[in-house]
Structures are given as C-alpha cells and as structure tokens.
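> Predicted model, plus sequence, below.
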Amino acid sequence: MVAGIIKKWDKNKDKLRQWFSCNKQKMYDEYYKIVDAICRNVLELKDYSITEVGHDNYQGVAVFIIKMNYGSYLGDYLITNTYYGSCSGCDTLMYINGSLLDNENLPTDNQLEQYMTLALHLVQKMQTLVDDEED
C-alpha cells in the first residue's frame, strides 16, 4: 500500500463512514460502487475513471484499475482487487447487506462497521503501477 493512501484513509475515513450512513445500501451494493465511494470520499479524486476486470462469473476475483487525472504516467493509476462469491455465505458484500434484501434501507450500525472494514481491505490492497520509490 502506498504511504499517501494510508494518510488519506486516516484523514478521510470518517467522510466515507458518513457517506455510507446517509445513503441507502443500493448506492453501494456492488464492489465497483464501493471503490468509487473510496475514490470520491477517501482519496478525494475529482477526475478519475474505474475499469473493472474479471467480474464475469459467479465467483472469482474482481480487479479495479483507477485512472487518475489524465493517466499519462504509471503513477496516475491505482489498482485494487477483491474476491467475490455467489452467495451470502461466500461473498462479503452479500453477507453484509443480507443478500441484497436491505438495498432500500440505510445500514444498521453493525452493517456500517462491516462496510467500513470492507472498504479498508480494498484500500489496504491499493497500489500504484510503479514502486513507492518512483512516486
């Protein structure tokens, strides 16, 4: 994980917590949407795009490539990933939101903490496409 990302998490995680707590769960019922919320609320990115790779089966890995700014330098790209499953017993996000049954509701306090943990795990896996020394 890049040191700058750690600092941003420490500084802005409460913004993400607030965003989760004020939005119905349908706003973040996919991993892609959580990565997007991290980009806006934690990393405070304004000009970015996210490409999701590998999320085409019932279970597997989803890789998220985040292009920041103009993406003309390898350091302008972040990457993170998660494993996903096909049921609430094997997929973290489905487990948290009750297999999508709570999409129209705000999260409970327990769900909020679980969403924050899930977001932290995505942040902990974030890397630029260059070594830290090259940033």
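Noted; the coordinates are in hand. Residues are numbered from 1 along each chain as shown.

> Secondary structure element holding the residue nearest the centre of the chain?
Taking CA atoms, centre = their mean, the centroid of the chain lies closest to V35, which sits 2.7 Å from it. V35 is located in helix 31-37, with elements delineated by DSSP states H and E.

> helices or strands next to the helix or strand encompassing I65 in the packing?
Secondary-structure element containing I65, defined by DSSP H and E: strand 60-68. Applying 3 or more CB pairs under 8 Å, 6 or more residues apart in numbering; DSSP states H and E, we find strand 60-68 packed against helix 31-37, strand 48-53, strand 77-84. Placement of C-beta: from N, CA and C, glycine included.

> What angle do strand 77-84 and it make with each other?
Counting by axes from the mean of the first three to the mean of the last three CA atoms, to 10 degrees, strand 60-68 points 160 degrees away from the direction of strand 77-84.

> got the contact list for Y31?
52, 55, 62, 64, 82, 84, 93, 122 (CB atoms under 8 Å, 6 or more residues apart in numbering).

> So for the fifth one, what's the pLDDT?
T82 carries a pLDDT score of 93 in this model.

> and if you look at the fourth one?
With respect to pLDDT, F64 has a value of 97.

> Contacts only, for the nearest residue to it once chain neighbours are set aside.
Once flanking residues are discounted, F64 sits nearest to V35: 4.8 Å by CB to CB, 6 or more residues apart in numbering. By CB under 8 Å, 6+ apart, the contact set of V35 is 50, 64, 66, 80, 122.

> Could you identify which of those residues has the most neighbours?
For the contacts of V35, the largest number of neighbours (other CB atoms under 10 Å) sits with F64, at 25 neighbours.
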